[in-house]
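Peer 1: need coordinates for the following:
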Amino acid sequence: MKIFMIGGTGLLGSQAAKELIERGHEVLSIALPPLPTGAVLPPEMQIEYGNYLEMSDEEIAKHMEGCEGFVFAAGVDERVEGPAPIYDLFKKYNIDPIKRLLTIAKKVGVKHVAICGSYFSYFAKKYPKLELTKWHPYIRSRIDQENAALAFSDSDFDVAILELPYIFGTQPGRKPVWMFMAEQIQNSKKNILYTRGGSTMVTVKQVGQAIAGAIEKNKGGNAYPIGYYNMTWKELLGIAASALGYTDKKVVTIRDFLYKLSGRALMKQQKKNNIEGGLNMVKFAALQCSNMFIDKSEGCTKLGVTDDDIQGAIGDSMHLCKEILDKKIETVSMRGE
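Peer 2: Below is the predicted model:
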């Protein structure tokens, strides 16, 4: 199968391309420069560097012609801040492109689509009483992205949304999203203070398998909750601290109200700077301090995701963070495409 991808040089896109090519598929991609120093991409992948948002529908259609599959491994996540209402920014990068790209894809004969989404959508649907779409612009945008994408699905056009959780693994030359955790562990004098609760997680290799599985296996319009390993924050921080060499530091669970206080202070500072975040950090305590777990049978098993070394992937992420903190290497940041 010939597959067109947005974001093929990123952490997730490059792993998906590798997996798809190993399965015998052909992959071509549009991606933003620069390519991180040391990044290893499948030599068989055809890449055009550029911004698809600046391309005409005709230009994009020309790239998609002859393709049966389309992967969207781009967009922006909850860490983004900007002028209020921040929802407009998420709409610009996560929702509007989906409507445009799927319209073009359907016209040129693409049959199978996989879109990288967020596991916050899963929890918004699972826990309606938390009103996550009301309080969190980012989560609202991910639900709206899902609804927009799934509306395109029919008997001849398969659409899969991958509701991705926290992901561990590295791409040489690209700064991990886990810098905040490494910095917190390194800067903690004795105890590492963190909330109760925990999260599901996967390795980047498993994300590649999930994307390939969605292209090959999905029929119709479906959202797949992606989760394989479930850990408490205490377990995760312990593994991360050991990987960084801080085996003497103990992880201490703080009370929920302390997390809310820090969230309130952050939001106060954001308001002072005339910016807004994608998450209401006071209301987010309801998720942060809970077990955001997903059983692998809900999505991963269906898509053919197999077991991997999650502790090794956490360690790799922390080792790269440590090299960056020690200024041993230069990297480019994760960025929306």
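Peer 1: low-confidence bits of this structure, can you list those?
Peer 2: Along the chain, segments meeting pLDDT under 70 span 331-337.
Peer 1: and with 50 instead?
Peer 2: The chain contains residues with pLDDT under 50 at 334-337.
Peer 1: centroid residue for it?
Peer 2: Centroid-nearest residue in the chain: residue 164, 5.6 Å away (criterion: CA atoms, centre = their mean).
Peer 1: how far away is it from residue 24?
Peer 2: Applying CB to CB, to the nearest Å, the value for residue 164 to residue 24 is 25 Å. (Glycine included, C-beta is placed from N, CA and C.)
Peer 1: residue 38 too?
Peer 2: 27 Å.
Peer 1: between the two, which has more neighbouring residues?
Peer 2: residue 38 (11 against 7; other CB atoms under 10 Å).
Peer 1: skipping adjacent residues, who's closest to the more buried one in space?
Peer 2: residue 172 (3.5 Å; CB to CB, 6 or more residues apart in numbering).
Peer 1: host element of the one you found?
Peer 2: Using DSSP states H and E, residue 172 sits in no helix or strand.
Peer 1: what's the neighbour count on it?
Peer 2: For residue 172, the tally of surrounding residues (other CB under 10 Å) stands at 12.
Peer 1: can you pull the contacts of it?
Peer 2: 36, 37, 38, 39, 40 (CB atoms under 8 Å, 6 or more residues apart in numbering).
Peer 1: tell me how many other residues crowd the first one.
Peer 2: The criterion is other CB under 10 Å. On that basis, residue 36 has 20 neighbouring residues.
Peer 1: please shift the residue numbers so they start at 676 in all later answers.
Peer 2: Shifting the count to begin at 676 puts that one at residue 711.
Peer 1: next, the closest residue to it other than its chain neighbours: phi, psi?
Peer 2: Leaving aside its sequence neighbours, residue 711 sits nearest to residue 848 (CB to CB, 6+ apart; 2.8 Å). Torsion angles at residue 848 (phi, psi; degrees, to the nearest 10) stand at phi 90, psi -10.
Peer 1: roughly how far does residue 848 sit from residue 873?
Peer 2: The gap separating residue 848 from residue 873 is 30 Å, by CB to CB.
Peer 1: same thing with residue 739?
Peer 2: 40 Å.
Peer 1: same thing with residue 990?
Peer 2: From residue 990 to residue 873 the distance is 18 Å (CB to CB).
Peer 1: follow-up on the earlier one: now, the most widely separated pair of the contacts of residue 847?
Peer 2: Maximum pairwise distance in the contacts of residue 847, criterion CB to CB, is 11.1 Å, between 712 and 715.
Peer 1: the helix or strand hosting residue 772: how far from the chain's middle?
Peer 2: Following DSSP H and E, the helix or strand that holds residue 772 is helix 771-783. From the chain centre to the centre of helix 771-783 is a distance of 21 Å (CA atoms, centre = their mean, to the nearest Å).
Peer 1: next, the angle from the next helix or strand after it to helix 771-783.
Peer 2: Counting by DSSP H and E, the next helix or strand C-terminal to helix 771-783 is strand 787-793. Using axes from the mean of the first three to the mean of the last three CA atoms, to 10 degrees, the inter-axis angle of strand 787-793 relative to helix 771-783 is 170 degrees.
Peer 1: list the buried ones in the helix or strand that comes right after strand 787-793?
Peer 2: For strand 787-793, the following helix or strand on the C-terminal side (DSSP H and E) is helix 794-801. Residues of helix 794-801 classed as buried by neighbour count (16 or more other CB atoms under 10 Å): 794, 795, 796, 797, 798, 799.
Peer 1: ok, for the second one, nearest residue in space, not its chain neighbours?
Peer 2: Closest residue to residue 795 in three dimensions, ignoring its sequence neighbours and counting by CB to CB, 6+ apart: residue 814, at 4.5 Å.
Peer 1: let me know the helix or strand that that neighbour is in.
Peer 2: Going by DSSP H and E, residue 814 is part of helix 812-825.
Peer 1: I'd like to know which elements that helix is packed against.
Peer 2: helix 762-765, helix 771-783, strand 787-793, helix 794-801, helix 807-810, strand 833-839, strand 896-900 (3 or more CB pairs under 8 Å, 6 or more residues apart in numbering; DSSP states H and E).
Peer 1: ok, and what's touching it?
Peer 2: So helix 812-825 is contacted by 752-753, 755, 760-762, 765-766, 769-770, 773-774, 777, 788, 790, 792-793, 795-796, 799-800, 807-809, 834, 836, 896-898, 951, 953-954 (CB under 8 Å, 6+ apart).
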